[in-house]
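1. missing the sequence, but the structure's below:
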C-alpha cells in the first residue's frame, strides 16, 4: 500500500459548449480517494456528479466538453494530459466504470461472453480460451448460475439485476484499482439493489478495489460509504467522513437534504423539511453562494462565494458555508418552524369511500415458444385483493416492480376491465357503465410528469379541459378564475396558465398533474408513483403538498409506490403486494414497526436507512433470487421460492390472510418465522 | 436461427396467396372494358354482337368465380394466362422484361452500397466538419434531383466524353457482358445516385444514434480500441435500419421505373405496366402486380433473415 492517495483530483472544472452558451457543469472540485476506500458523491440531478466521474475517465466527447484541472493524479501519475491511447490503456484496466442503466449499457447484438472477454483480450492479451475461462470465473464470482451456458447468451436473456452483475464482472475483469459506479442500482428494485450493493462492496473489499459511488440515495450512502462528497449546482458544498456528514452536517444544503428524505425508522406524523424553490439554472448561476436563493440562513455575506474550509483542523470535514458552525449547531431546526401546526390527519372509519373485494385482474398472454408451437397462459397481475379506503385516508400500496400494484389502480379506474371481484364507490357498485358517473370523483396522478401532460396544450388548456368535458364550469371567465385558483392551491402562479409543459420543471409539472386531478374535486385520487421521478428536495415539496391538500379537502389517496420510506411517511394504512397477492396489510406504524410477513421484513431490510449508525448496526435478511415469472408462479405460497423460512407446507396451499391484532393481516403459515 | 428461418419462409406462402386473391378481385372492380378499347382502336361501328363474341373468345363473359378458378389453377404452374391485348403468354411477356429490371436493380444496389457506406460512415464520424457538410449536400442533392433528369445529364456527359452513345437495343449480360454493362451502368448510376443518397443519410443518422448509446460508452469505458468500438459495437447496430432501407429501395426498383426506362430506352417492367393499365389488360396487369408483389415479399423475407442474423433479439423472439 502506497501512502499516496489512489486518485487525487485538484480543481477539476468541466465546461460544456452549447449552442446558446457555456455551462460549467463542474466548478473547481477537489477530492481524494485512497486505496480500497468507498467514496460517495451525492447530490440532486444536474449537480455535476456524473460529469465529474465521466471526466475522470475522460469519457466525455471532446467536441462539447472542455475539461480543465490543476491535476488529476491517478496512482501518482497526472492523467490530465494523457493522449487518448494512453488513457485507453488505463480505462478498463486500472479504473473502470459501472453505469446506471443495466438495460441499455450492454450491447444487444453481442454475446455476454464476447463483451466480458473484451477487456481481458484487449488489456491482458489473453487468448480466447484463457479469457473464456476467466469469464466463467468472473460470472461465478458475481453470482450468475450456469456461467458456461450464460456466456453464449445475449443481454436480452438477462434480467436487469443479472445485467448489472455482468456489468460488475466486466468492471472487475482486469482487477482494477478503482471502480466508478454511477447510480448502479437506481433502476433496480430494493431487494435487487441490496443484492448488488452487497456483492459490489464484498468483492471490492476482498480485492482492495476503491469505489466511487455516485448516487442520490442517501440510504445507500449511509450503508456503505467511508467518505462523502456533497455537490450542489456544480460545486462541492461539503465533504468529509460519512459519520460527520450524517451526524454533524454543517452546510444548510446537506442538512436540508437529510431532513427532506422520508425516514422508515421514524414514527409517522412529522412534516418533511423542504428546501424551497429549485436548483439554479447553470446557464446563469446566482453570484456568490449557489445555494443562497434557497437557503434559510442566507445573509448579505453570501453574495461572495464561500471557500471549502476545514471545520476543525485535522478532522477532514470541509464545508463551503460562512455560517457552517451556526448551521451545525441549529441542525434541522433551520428548516422547520411550523412543525407543530401539522398534526397527523385522523381518519374517521365509518363509511369507506372505496371498497375493494376480491379484485382480480388476469391477463391472457400467448407467444410462440418454438417451431410453430405456441404457449398461452394467464398472468394473474392482481389476484383476489380486498381493502377499504376511508375518506381522508391514505392507503399505501408497495411491492417490487411486477407485483401488480399499478394494475390494482388501473382496475379500480376501469382503465383495464377487472376480471373479477367487487368494487364499490361510496357504497355504489362500480361496473363498466356506472364508472362513467363517478369518474369525476376518482382522479389519478401519474408517475411521469414529462409524458403525462400534452406538450401542445398550455397549462391553462390542460386544466380547463376536464371542467369543460364534465360541464362543471361552462362560463369561460369563471373557468379561467377556477384554473387560477387551482394553480395557487398547488403552489404555482396563475400567470403559468399560458405556459407549455416543457417550460416547467419536473416538480412544477407534477404540481400541474395534481391540479388536474383536483379540479374535479375528487373524493379519491389514485397516485401512481407520483414522486419517483423527482429529486429528493422536490419530492418532499410534493409529499407535503399532497398531505396539506388532504388535510384541507379530506381527499383519500391510494398511494402506489416502490419507495418504502415515502409510503411509510404518507400512508395511514399499508398493503404489501407480491406477485398479485397481498402479503401483509395493516397500519403504517405497525407494518414498519412489527412486520409479520417474511417478505415485508425482507423488503424493509433491503431499503437502507439514511443514518450510518442505525443502518450499519442492524441485522439484515437479504432476499435471494429474483421475482419469479408471473406466468409460472410458485405453487402454494407465491413467495415460497424466495422465502428464507420456507417449509414443505408452504408449497402445498396458498396461505390465507390472517388477522393478528387490530386489522393487522398477514398471509403466512409460519408467522414466527416472519417475526 | 434455423427454426426462425423456416417459420419465416413458411409464412411467405399464405402472404402470396392473399396477394393473389386480392389482386384478382380488386382489379375486377376497376371500371372499363378491354374489348371496347381494343375494338374502338380498329375504328368503324361495332355492334354489340361483335363485342359479345370477342368477350366469349377471351373468356371474359364467364362468371367471375369461374375466371377466378381458372386463374388460381394456373398459378402453381406459373401460368398467368394470356395477355388480352397481344394474346401472348403473360408469363413469357413478363419474363422477357423482368430480367432487365432485375439487373438494373442489382447493379444500382451494388453501386449505391459502394457509394453510401463510405459516405455515410465518414459523414457520421466527422460530424460537423466540412467533409460532413459536403457529403450532406451531395446526398440531399441525390434525393432532390429526379433520377430521370440526372439520367439525361448523364447521357449528355457520355456524349461529351465518348462522342457516341451505348448501342441501342439491350444485349443480354450472358451474351456480351462488356457491352451489357456499358449499356446498363448509366441507368444504374442515374437510379443509384438517389438510392445511395437515401442509404447514406440513413446510415449517417443511425451511426450517430448508435454512437450515443449507453453500450458504446460501456465499450469505451472498457478501454477497447476506438476502431473496434465503431466497427464491432457500432456498425452492427447501425446496419439494422440501413438494411431495411436498402431492401425497400431494391423492391421498389423491381417494380420498374417508367421515366428512367424511357430516358435510356430500356424495355423494362415499367413500360409494360403503363401499357397494361392504359389498355385495361387485366390479365397482364394482375400478372405484373403479382410478380412485383412476390418480389417485395421475397426481399422482405431476405431483410427479415438478415435482421435476425444481425440482431439476436429477433432470433429468439416468441
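-> Now that the structure is in, tell me what you want to look at. Small disclaimer: the values here were computed from a predicted structure and weren't measured.
2. how far out from the middle of the chain is the helix or strand of chain B with the lowest mean pLDDT?
-> Least confident helix or strand, chain B: helix B:34-42 with a mean of 73, by mean pLDDT, DSSP states H and E. Relative to its parent chain, helix B:34-42 has a centroid offset of 32 Å by Cα atoms, centre = their mean, to the nearest Å.
3. next SSE after it?
-> Heading C-terminal from helix B:34-42, the first helix or strand you meet, by DSSP states H and E, is helix B:48-58.
4. who's in contact with that next one?
-> Residues from elsewhere that reach helix B:48-58 (Cβ atoms under 8 Å, 6 or more residues apart in numbering or on different chains): B:34, B:35, B:36, B:38, B:39, B:61, B:84. Just so you know, the C-beta spots here come from the backbone N, C-alpha and C atoms, and that holds for glycine as well.
5. returning to that earlier point: list the buried residues in the least confident helix or strand of chain B.
-> Within helix B:34-42, the residues scored as buried using 16 or more other Cβ atoms under 10 Å in any protein chain shown are B:34, B:35, B:38, B:39.
6. then stretch A:165-183?
-> A:165-174, A:176-183.
7. residue A:584 touches residue A:666, doesn't it?
-> Yes: if you go by Cβ atoms under 8 Å, residue A:584 and residue A:666 touch, sitting 4.4 Å apart.
8. what's the burial count for the residue of the stretch 51-200 of chain B at minimum distance from chain A?
-> Evaluated by Cβ to the nearest Cβ, the stretch 51-200 of chain B has residue B:128 as its residue closest to chain A, separated by 7.2 Å. For residue B:128, the neighbour count with other Cβ atoms under 10 Å in any protein chain shown is 8.
9. leaving out the residues flanking it, which one is nearest to it?
-> Excluding its sequence neighbours, the residue lying closest to residue B:128 (Cβ to Cβ, 6 or more residues apart in numbering or on different chains) is residue A:63, at 7.2 Å.
10. quick one, phi psi at that neighbour?
-> phi -60, psi -40 (degrees, to the nearest 10).
11. so between residue A:584 and residue A:666, which is more surrounded?
-> residue A:584 (28 against 25).
12. got the contact list for the more buried one?
-> A:574-576, A:591, A:595-597, A:599-600, A:664-667.
13. do residue A:513 as well
-> Going by Cβ under 8 Å, 6+ apart, the list of residues near residue A:513 reads A:445, A:446, A:449, A:452, A:453, A:530.
14. thought the last one was touching residue A:448?
-> No: no contact is recorded between residue A:530 and residue A:448 when judged using Cβ under 8 Å, the distance being 9.9 Å.
15. element containing residue A:9?
-> Using DSSP H and E, residue A:9 sits within strand A:7-18.
16. need the residues touching each of residue A:584 and residue A:666.
-> The contact sets of residue A:584 and residue A:666 overlap at A:596, A:597, A:600 (Cβ under 8 Å, 6+ apart).
17. is chain A within reach of the helix or strand harbouring residue B:307?
-> In this assignment (DSSP H and E), residue B:307 forms part of helix B:282-310. Yes: against chain A, helix B:282-310 shows contacts by Cβ under 8 Å from any Cβ of the partner chain at residue B:310.
18. right, and the helix or strand after that helix?
-> Counting by DSSP H and E, what follows helix B:282-310 is helix B:312-315.
19. contacting residues around stretch A:80-87?
-> With Cβ under 8 Å, 6+ apart as the criterion, stretch A:80-87 contacts A:58, A:67, A:69, A:71, A:72, A:79, A:90, B:226.
20. what is the neighbour count of whichever residue of the stretch 151-300 of chain B sits closest to chain A?
-> Among all residues of the stretch 151-300 of chain B, residue B:223 sits closest to chain A, at 3.3 Å; criterion: Cβ to the nearest Cβ. Applying other Cβ under 10 Å, we find 24 residues neighbouring residue B:223.
21. and it, what element?
-> Applying DSSP H and E, one finds residue B:223 in no helix or strand.
22. surely it meets residue A:88?
-> Yes: Residue B:223 is within contact range of residue A:88, at 4.9 Å (criterion: Cβ under 8 Å).
23. per-domain residue ranges of the chain.
-> You didn't say which chain, so I picked chain A. Domain assignment for chain A by automatic domain parsing gives A:251-343, A:584-674.
24. that's the other chain; I wanted chain B
-> Listed by automatic domain parsing, the domain ranges of chain B are B:22-90, B:99-315.
25. closest residue of the stretch 201-350 of chain A to chain B?
-> residue A:212 (13.3 Å).
26. contacts only, for that residue.
-> By Cβ under 8 Å, 6+ apart, residue A:212 lies in contact with A:7, A:33, A:39, A:40, A:41, A:53, A:178, A:179, A:180, A:181.
27. most surrounded residue in the contacts of residue A:513?
-> residue A:530 (29 neighbours).
28. just to revisit the earlier point, of the shared contacts of residue A:584 and residue A:666, which belong to helices?
-> When DSSP state H is applied, the shared contacts of residue A:584 and residue A:666 are split such that residue A:600 fall in helices.
29. just the shared contacts of residue A:584 and residue A:666 now: which is nearest residue A:415?
-> residue A:600 (27.9 Å; Cβ to Cβ).
30. check the closest one and give its pLDDT.
-> Per-residue pLDDT puts residue A:600 at 92.
31. just list whatever residues bridge to the residue of the stretch 201-350 of chain A closest to chain B.
-> Listed beta-bridge partners, residue A:212: residue A:39, residue A:180 (assigned using DSSP bridges).
32. any idea how far it is from residue A:31?
-> Remark: distance between residue A:212 and residue A:31 (Cβ to Cβ, to the nearest Å) = 9 Å.
33. what residues does the stretch 101-250 of chain B have near chain A?
-> B:128, B:213-215, B:217-226, B:228, B:232-233, B:236-237.
34. just the buried members of these?
-> Using 16+ other Cβ under 10 Å as the burial test, these include B:213-215, B:217-224, B:232-233, B:236-237 as buried.
35. residue 137 - how many residues pack around it?
-> Because you didn't say which chain, this covers chain A. Neighbours of residue A:137 under the rule other Cβ under 10 Å: 12.
36. that was the other one, I meant chain B.
-> Residues lying near residue B:137 (other Cβ under 10 Å) number 10.
37. pLDDT score assigned to the residue of the stretch 151-300 of chain B closest to chain A?
-> 91.
38. then residue B:82?
-> pLDDT at residue B:82 comes out at 82.
39. so who does it touch?
-> Going by Cβ under 8 Å, 6+ apart, residue B:82 touches B:88, B:89, B:90, B:283.
40. distance of the residue of the stretch 151-300 of chain A found nearest chain B from residue B:315?
-> Distances between the stretch 151-300 of chain A and chain B by Cβ to the nearest Cβ are smallest at residue A:154, namely 4.2 Å. As defined by Cβ to Cβ, residue A:154 lies at a distance of 9 Å from residue B:315.
41. residues from chain A in reach of chain B?
-> For chain A, the contact set with chain B under Cβ under 8 Å from any Cβ comprises A:57, A:59, A:63, A:84, A:88-93, A:96-97, A:99, A:101, A:104-111, A:115, A:118-119, A:122-123, A:154, A:156-157, A:167, A:170, A:367-372.
42. residue 95: how many residues sit nearby?
-> Went with chain A since none was named. For residue A:95, the neighbour count with other Cβ under 10 Å is 25.
43. wait, chain B
-> Neighbour number of residue B:95 under other Cβ under 10 Å is 12.
44. tell me which strands and helices the helix or strand containing it is in contact with?
-> Here residue B:95, judged by DSSP H and E, is contained in helix B:90-125. In terms of contacts (3 or more Cβ pairs under 8 Å, 6 or more residues apart in numbering or on different chains; DSSP states H and E), helix B:90-125 is packed against helix B:130-144, helix B:177-211, helix B:236-254, helix B:269-278, helix B:282-310.
45. show me what the fourth one is packed against.
-> Same thing as helix B:269-278. Under the contact criterion of 3+ Cβ pairs under 8 Å, 6+ apart, helix B:269-278 touches helix B:90-125, helix B:258-263, helix B:282-310.
46. pull out the buried positions in it.
-> For helix B:269-278, a neighbour-count test (16+ other Cβ under 10 Å) marks B:269, B:270, B:271, B:272, B:273, B:275, B:276 as buried.
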